[in-house]
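Novice: Okay, predicted coordinates and the sequence, questions at the end:
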Amino acid sequence: MQTLVMATIGEVPNLLLSERIRVALADEITAGTMPSGMTLDEQQIGDRFGASRTPVREAIRQLAAVGLVAMRPRRGAIVAGFTAQRIVDMFEMAAEIEAMCVRLATYRMSPLERSRLSLLHDESEVMVAANDFDAYDRMNWNFHQIIYDGTHNAFIAEQATALRERMAAFRRTQLREEGRPSLSRAEHGAVMTAIMRGDGEEAARCMRAHMGNAAIALERFTARQQACSDS
């Protein structure tokens, strides 16, 4: 099995060290830079980030919780395997849940919640123009969370959030596809237009398309990464 290869990556600001490590490793796992079966050496990871073993272990624990890492008793952790079909299945399920949420939210959101969503969307224009990937990723999380909360159904919101957390690394990685943040923002705009018009069915249709496009972007990005590593 392979061991972790040292690499230089950008740090995500305003996160705990364990979170920065988790996000960085998740990016590399979903992009295929760290292939299935690679051993995660705690000492090497700690040296890479200038961290003790405590935040490294916490990051690995979080990755294991969402299925990106497999824990082996007394033998450490390795990168877990996942197939393209598995990812497609996850996005398909997420698309239906997101569509249900936005349909309900369209009819149930308060004027204040709609204003918050609109303001967040407006602010994202600067992020796209500045090519600020991390800021857009955080905005994207908040955009969808406002919609979940807008359902005014706590159980649905909890389930949608749990699935989003499980898929967070994949949904973040798809934004690395060239031009994807700009397209994502345009898709958010279509969802917003339907919400403001009070058309829940159209909002749901736009959300399904949004999630489908995210899955395609992830597939294209990972395929290109694989081609680069093979060349």
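Specialist: Cool, the structure landed.
Novice: any idea which helix or strand carries the residue of the chain positioned farthest from its centre?
Specialist: No residue in the chain sits farther from the centre than Arg74, which is 30.5 Å out by C-alpha atoms, centre = their mean. Counting by DSSP states H and E, no helix or strand carries Arg74.
Novice: check contacts around it.
Specialist: Contact analysis of Arg74 by C-beta atoms under 8 Å, 6 or more residues apart in numbering lists nothing. Any C-beta I mention is one placed from the backbone N, CA and C, and that applies to glycine too.
Novice: Would you indicate which residues of the strand or helix carrying Met127 are buried?
Specialist: Using DSSP H and E, Met127 maps to helix 111-129. Neighbour-count burial for helix 111-129, counted by 16 or more other C-beta atoms under 10 Å, picks out Glu113, Arg114, Arg116, Leu117, Leu120, His121, Ser124, Met127, Val128.
Novice: how far off helix 111-129 does the helix or strand following that helix point, in degrees?
Specialist: Note on helix 111-129: by DSSP H and E, the next helix or strand toward the C-terminus is helix 133-150. Put simply, helix 133-150 runs at 160 degrees to helix 111-129, going by axes from the mean of the first three to the mean of the last three C-alpha atoms, to 10 degrees.
Novice: Off-centre distance for helix 133-150?
Specialist: 10 Å (C-alpha atoms, centre = their mean, to the nearest Å).
Novice: which other residues reach the helix or strand that it is followed by?
Specialist: Next helix or strand after helix 133-150 toward the C-terminus (DSSP H and E): helix 154-173. With C-beta under 8 Å, 6+ apart as the test, helix 154-173 has contacts from 23, 26-27, 29-31, 66-68, 87, 90-91, 93-94, 97-98, 100-101, 104, 137, 140-141, 144-145, 148-149, 151, 214, 218, 221-222.
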